[in-house]
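Peer 1: got a structure for you, letters missing:
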């Protein structure tokens, strides 16, 4: 029983520290995510450890990302849904050709960059003061055979509002706080 009490106390100490870190201006940052990973590991949550590691290092790409492959959870799991909720946004497609319906096309896009890269992008967007950001996408056939595409010409561009990086970072902060509070409650109630 004393091992459980010691574990619960350690969880409370680390969790309280994480909540203090998350309440600071400019959070979340990579250092806070490292402390989160320690909390998740101590609490016996390997999926949450992988999640925090992906947030620090990035998800291995942007655009269409399989969270099942990266996090080891089903695509309809609570964690996958929450990650998509703050990292995936619908961008307006800008192409040279007009749509047949006359409506602007939209496409979901997962921002898989590392936490510090997203923080850097946010700072750059603020410094430049642009209203919209553009992400260039290549046609899949161009990826398979680069010789088919004219050098450097994207097949289409997605446009996002500048505040997309704020939404990603604040969404991550909210999710981290909710998960930490859930772990703290679980261990305070005596159930590891």
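Peer 2: Perfect, thanks for sending it. Quick caveat: nothing in here was measured; it's all calculated off a predicted structure.
Peer 1: is it true that residue 180 touches residue 16?
Peer 2: No. Residue 180 lies out of contact with residue 16 (C-beta atoms under 8 Å); the separation is 9.1 Å. Bear in mind the C-beta positions are built from the backbone N, C-alpha and C, glycine included.
Peer 1: When those two are compared, which one has more neighbours?
Peer 2: Neighbour totals were compared for residue 180 and residue 16, and residue 180 leads with 25 against 13 (other C-beta atoms under 10 Å).
Peer 1: Can you give me the buried ones in the strand or helix carrying that one?
Peer 2: Following DSSP states H and E, one finds residue 180 within helix 164-188. By neighbour count on 16 or more other C-beta atoms under 10 Å, the buried set for helix 164-188 is 164-165, 167-169, 172-173, 175-177, 179-180, 183-184, 187.
Peer 1: counting contacts, what elements does it pack onto?
Peer 2: helix 2-22, helix 30-42, helix 78-87, helix 115-128 (3 or more C-beta pairs under 8 Å, 6 or more residues apart in numbering; DSSP states H and E).
Peer 1: what angle do the second one and helix 115-128 make?
Peer 2: Meaning helix 30-42. In terms of direction (axes from the mean of the first three to the mean of the last three C-alpha atoms, to 10 degrees), helix 30-42 departs from helix 115-128 by 150 degrees.
Peer 1: Could you do the shortest one as well?
Peer 2: Comparing the axes of helix 78-87 and helix 115-128 via the same axes, to 10 degrees yields an angle of 20 degrees.
Peer 1: Kindly provide the whole-number mean pLDDT of helix 78-87.
Peer 2: The predicted model gives helix 78-87 an average pLDDT of 95.
Peer 1: Check which residues of it are buried.
Peer 2: Residues 79-80, 82-83, 86-87 are the ones in helix 78-87 that count as buried (16+ other C-beta under 10 Å).
Peer 1: Can you tell me which helix or strand of the chain has the lowest average pLDDT?
Peer 2: Least confident helix or strand, the chain: helix 140-144 with a mean of 44, by mean pLDDT, DSSP states H and E.
Peer 1: Other residues contacting whatever helix or strand comes next after it?
Peer 2: Downstream of helix 140-144, the first helix or strand assigned by DSSP H and E is strand 156-161. Strand 156-161 has contacts (C-beta atoms under 8 Å, 6 or more residues apart in numbering) with 89, 91-95, 107, 109, 131-137, 139.
Peer 1: Go through strand 156-161 and flag the buried ones.
Peer 2: Result for strand 156-161 [16+ other C-beta under 10 Å]: buried residues 156, 158, 160-161.
Peer 1: ends of stretch 51-65, how far apart?
Peer 2: Its start and end residues considered, stretch 51-65 measures 14 Å (C-alpha to C-alpha, to the nearest Å).
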